[in-house]
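# this one's structure only:
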């Protein structure tokens, strides 16, 4: 693909929070893009590890970079600030501890032009320090989706994923949207609305984005966090309600119900907490809205769990905790 230096302005939003060890690699990969007409918006979310200084240093080096400093408020607030500052006709997102191939935005822009699409996307490589890269769906295949098709593909969460990076959007798709402040999985809460406003989405299964998993991050991800998982469930629930109201159909309702059952099961195994009890109550309340899902749709195991959760929750709580405790002891004995 030809290098483009005169196409429309692409605004790139990069939320930054305590990533000093990785930020320069990320920024260098953006500055080296073959597509030169970029507005690079670094939103420092109250970093205290030196990342703020790196943002300012790079802003002095390249006039395409704008730096916004915020008190720590989370990724959603940072992305909202980036949206408010963006002036480009096109829009992209990069996580500040990841990096991108030098031609990624040229590639995505050409895809968008060739297929007259509102959104273009590529795939990615999963990289962990000290381990070989894992290529995710690098088949070279090309898919063009209508609005209805892209929503259904998003719900399946197989070919099309719920993330903003590795995509190029027309800016107007975000004109009436904002990210939910105080919640994680903000991509999930917004992307389906973006796709619904799109007439056509093109996906090329060529890996050009490098998603990094760092050693310290892989360790901290080991524990289960019911609050974060509830945010994910809530985003899927809101997505499903939107899809049903828009009469787009699909299998989203079954997926939400299964996610709710998993959330309650995992939360039951956490130390007792009023906050966790509230999560269980809120999840149960929303699950009851899915009475129309049949056992045939849900499957026998999930159907049994749903029945006892909804009808005999005290008994289910005691039985499930007892079962997991026995399973854990048996597993420990096998290992020992």
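Here it is on my side, so go on. Since we're looking at a predicted model, the values are computed, not measured. Numbers count the residues shown, from 1 in each chain.

# When you work out contacts or count neighbours from here on, use the C-alpha atoms and nothing else.
Noted.

# Just give me the neighbour total for residue 22.
Applying other C-alpha atoms under 10 Å, we find 16 residues neighbouring residue 22.

# In contact with it, which residues are there?
Residues in contact with residue 22 (C-alpha atoms under 8 Å, 6 or more residues apart in numbering) are 96-98.

# and stretch 277-284, average pLDDT?
In this model, stretch 277-284 has an average pLDDT of 96.

# Also stretch 143-160?
93.

# before we move on, what about stretch 171-183?
Averaging pLDDT residue by residue across stretch 171-183 gives 96.

# what's it in contact with?
Residues contacting stretch 171-183 (C-alpha under 8 Å, 6+ apart): 73-77, 79-80, 88-91, 186-187, 189-190, 194, 197-198, 228, 231.

# So which of those belong to strands?
Among the contacts of stretch 171-183, the members found in strands (DSSP state E) are 90-91.

# Please, a PyMOL command that selects the buried ones among the contacts of stretch 171-183?
Command for PyMOL that selects the buried part of those, burial taken from 16 or more other C-alpha atoms under 10 Å:
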select buried, resi 74+75+76+77+79+80+88+90+91+186+187+189+190+194+198+231
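
# Which helix or strand in this protein has the lowest average pLDDT?
helix 215-220 (a mean of 46; mean pLDDT, DSSP states H and E).

# Including neighbour count, could the contacts of residue 22 go into CSV?
Formatted as CSV, the contacts of residue 22 follow (neighbours: other C-alpha atoms under 10 Å):
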residue, neighbour count
96, 23
97, 24
98, 20
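
# What about those residues, which are in helices?
Nothing among the contacts of residue 22 maps onto helices, per DSSP state H.

# surely residue 233 meets residue 257?
No - applying C-alpha atoms under 8 Å as the test, residue 233 and residue 257 come out as separate, 9.1 Å apart.

# picking that back up, in a markdown table, list the contacts of residue 22 along with distance to residue 115 and pLDDT.
Below are those laid out as a markdown table (distance: C-alpha to C-alpha, whole Å; pLDDT from 0 to 100):
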| residue | distance to residue 115 | pLDDT |
| --- | --- | --- |
| 96 | 29 | 96 |
| 97 | 31 | 95 |
| 98 | 28 | 96 |
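
# Can you show me the helices along the stretch 1-150 of the chain?
In the stretch 1-150 of the chain, the helices defined using DSSP state H, counting those that start in this stretch lie at 23-31, 51-61, 75-85, 104-115, 147-156.

# what residue ranges in the stretch 51-200 of the chain are flagged as low confidence?
Along the stretch 51-200 of the chain, the model assigns pLDDT under 70 to residues 130, 132.

# To residue 240, which of the helices of the stretch 1-150 of the chain lies closest?
Set against residue 240 and scored by C-alpha to C-alpha, the helices of the stretch 1-150 of the chain come closest in helix 147-156, at 8.7 Å.

# how about the closest one: buried residues?
147-148, 150-152, 154-155.

# From these, pick the one nearest residue 224.
residue 155 (23.5 Å).

# The longest strand that the chain contains versus helix 23-31: what angle between them?
The strand that spans the most residues within the chain, counting by DSSP E, is strand 200-213. If you take axes from the mean of the first three to the mean of the last three C-alpha atoms, to 10 degrees, strand 200-213 sits at 150 degrees to helix 23-31.

# Relative to residue 48, how far out is the residue positioned nearest the centre of the chain?
The structure's the chain has its C-alpha centroid closest to residue 163; by C-alpha atoms, centre = their mean the separation is 3.6 Å. Distance from residue 163 to residue 48, counting by C-alpha to C-alpha, to the nearest Å: 26 Å.

# which helices and strands does the strand or helix carrying residue 309 pack with?
Element membership for residue 309, per DSSP states H and E: helix 300-311. With contacts taken as 3 or more C-alpha pairs under 8 Å, 6 or more residues apart in numbering; DSSP states H and E, helix 300-311 sits against helix 252-268, helix 313-335.

# Show me what counts as buried in that helix.
So for helix 300-311, counting by 16+ other C-alpha under 10 Å, buried means 303, 305-306, 309.

# who does the longest strand of the chain pair up with?
Counting by DSSP bridges, the strands paired with strand 200-213 are strand 99-100 (antiparallel), strand 119-128 (parallel), strand 142-146 (antiparallel).

# Name the surrounding residues that touch it.
In contact with strand 200-213 (C-alpha under 8 Å, 6+ apart) are residues 97-101, 104, 111-112, 115-129, 135-147, 150, 165-166, 195.

# make it 7 Å
97-101, 104, 117-128, 137-147, 166 (C-alpha atoms under 7 Å, 6 or more residues apart in numbering).

# quick one on the thing from earlier: would you reformat the contacts of residue 22 as TSV and include distance to residue 281?
Below are the contacts of residue 22 laid out as TSV (distance: C-alpha to C-alpha, whole Å):
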residue	distance to residue 281
96	36
97	36
98	37
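
# returning to that earlier point: of all the helices of the stretch 1-150 of the chain, which lies closest to residue 15?
Nearest of these (C-alpha to C-alpha): helix 75-85, 5.7 Å.

# on contacts alone, who are the packing partners of that closest one?
Packing contacts for helix 75-85, counted by 3 or more C-alpha pairs under 7 Å, 6 or more residues apart in numbering; DSSP states H and E, involve strand 10-16, strand 38-45.
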